[in-house]
Structure formats: C-alpha cells, structure tokens
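Visitor: below: sequence and its predicted model.
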Amino acid sequence: MEMKKTLIILAALGVLVTLLACEKETYKLGDTGPAGGIVFYDRGSSEEGWRYLEAAPAETEFTAQWGLLDTDIDGTETGIGSGKRNTQLIIATLGENGTAALLCDKMDIDGYNDWFLPSKDELDLMYNNLSQKGRGGFSQKMYWSSSQGSNNLYAWRQSFIDGTQIMKYNLKNFTFSVRAVRAF
C-alpha cells in the first residue's frame, strides 16, 4: 500500500513538472529574448509558430550589400511577418550573391540558427520600439530590409538617424548595416 502511494505521488509530480515545463514564458518589448537579443514585437498570440520578434544582439551587426542589380526577387513583401520568407526568396534566387540575407540565414547565436533579414515593416518596428527608446545598440546608420523595391534595382532601407524609409536610390549593390531578427 505504501508503494502504491509513493507511485501515485511520483506520477503526480511528473505531471506537475511536465505542466510547468510546457508553460510558455511571456516577454515585453525590450526584454532579452531566448537567443540573447532584444524583443521588439509582440503580436499578442502565437500563430504560425511564433508570437515575438527578437533583434540580434548589437555585437552581431555587420555591413553588407543586399545583392545583385538587375535580378528580380519575385514575391518579397513589406509586412510584419514577411522577413523570413523574403530572406528565403532572396537566397533561393541569388544564392551566394544574396549577401545580407545569406549572412543572416547563416548566423548561429547560442545555438539559435533561425535568423533572417527583417522586412521593411519589421525594420520600422526595430527603429520605433528599440532605437528610439535607446535600446539595442543601433548605430545612426542606414539598415537594409529584405523587401525589394518597386523594380529589380532597388531594395528598401531605413535610416536609424531619423526613421526615414527609402527605396529610391538604394541600389542593391550598396553596402549598408544589417541587423538580423528571428521569430519565436
């Protein structure tokens, strides 16, 4: 009888530990994310496998070209949640020449290797929710997005000096700053 009670208690403890392990942590804007970056977006609920966007740590920032001129990347979008797919499209089309996107995709920070180049609107969230609040260690420079411009010569970038988003005059072979992001 004593053995049966012990087994029941152990089973109950096992269930409790499992429930606690499954409980998801919540984050606020500006919190350190699981990969050591900074949370800059919370869409309120977990859909399609993610709820938050996290900017990579400042020390991982780099400069790079966006990619080749005169190569159309069909299907890139500007909206929140499109950066990962944009990055995949750039790499699928440009391969090793999709410099900024490829370097983001190859990042591994503390075992997290799901980084991507942010879309135009994701980059704007980083500017407004982090840089404007003195968080994230952003330089007052221009940053690339993964969103192609209106033709195959240009891509969107954003000034982290004044927040201006510009497509015109941003030839894809120009070198600007890059900060990778990940969704979780």
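Guide: Arrived safely, thanks for sending.
Visitor: only C-alpha atoms for contact and neighbour calcs from this point on.
Guide: Noted.
Visitor: how many neighbours does Ser145 have?
Guide: Per other C-alpha atoms under 10 Å, the neighbour tally for Ser145 reads 32.
Visitor: now do the same contact list for it.
Guide: 117-120, 123, 155-158, 178 (C-alpha atoms under 8 Å, 6 or more residues apart in numbering).
Visitor: 6 Å instead?
Guide: Listed by C-alpha atoms under 6 Å, 6 or more residues apart in numbering, the contact partners of Ser145 are 118-120, 156-157.
Visitor: where does this protein dip in pLDDT?
Guide: Counting by pLDDT under 70, the ranges of the chain that qualify are 1-24.
Visitor: buried residues, the lengthiest strand in it. List them.
Guide: For the chain, the strand with the greatest residue count under DSSP state E is strand 38-47. For strand 38-47, the neighbour count (16 or more other C-alpha atoms under 10 Å) marks 38-42 as buried.
Visitor: and if you look at stretch 63-80?
Guide: Those would be 63-68, 72-73, 76-78, 80, for stretch 63-80 by 16+ other C-alpha under 10 Å.
Visitor: looks to me like Asp124 is in a helix.
Guide: Yes - under DSSP: H, G, I helix; E, B strand; the rest coil, Asp124 falls within a helix.
Visitor: number of nearby residues for it?
Guide: By the criterion of other C-alpha under 10 Å, Asp124 has 22 neighbours.
Visitor: over to Leu94?
Guide: 18.
Visitor: ramachandran coordinates for it?
Guide: Here is the backbone geometry of Leu94 (degrees, to the nearest 10): phi -100, psi -10.
Visitor: mind checking how far it is from Thr60?
Guide: 23 Å (C-alpha to C-alpha, to the nearest Å).
Visitor: could you pull out the strands for the chain?
Guide: Taking DSSP E as the criterion, the chain carries its strands at 38-47, 50-55, 62-65, 142-148, 155-159, 165-166, 175-178, 181-183.
Visitor: show me what the longest one is packed up against.
Guide: Helices and strands in packing contact with strand 38-47 are listed as strand 50-55; criterion 3 or more C-alpha pairs under 6 Å, 6 or more residues apart in numbering; DSSP states H and E.
Visitor: run the chain-centre distance for the strand it packs on.
Guide: Put simply, strand 50-55 sits 7 Å off its chain's centre (C-alpha atoms, centre = their mean, to the nearest Å).
Visitor: mind giving me the packing neighbours of that strand?
Guide: Here strand 50-55 touches strand 38-47, strand 181-183, going by 3+ C-alpha pairs under 6 Å, 6+ apart.
Visitor: and it, which residues are buried?
Guide: For strand 50-55, by 16+ other C-alpha under 10 Å, it's 51-55.
Visitor: can you give me the helices in this structure?
Guide: 2-22, 83-94, 99-105, 120-129 (DSSP state H).
Visitor: picking up where we left off before, check the buried residues of stretch 63-80 and tell me the two furthest apart.
Guide: Spanning the widest gap among the buried residues of stretch 63-80 are Leu68 and Ile80, at 24.4 Å by C-alpha to C-alpha.
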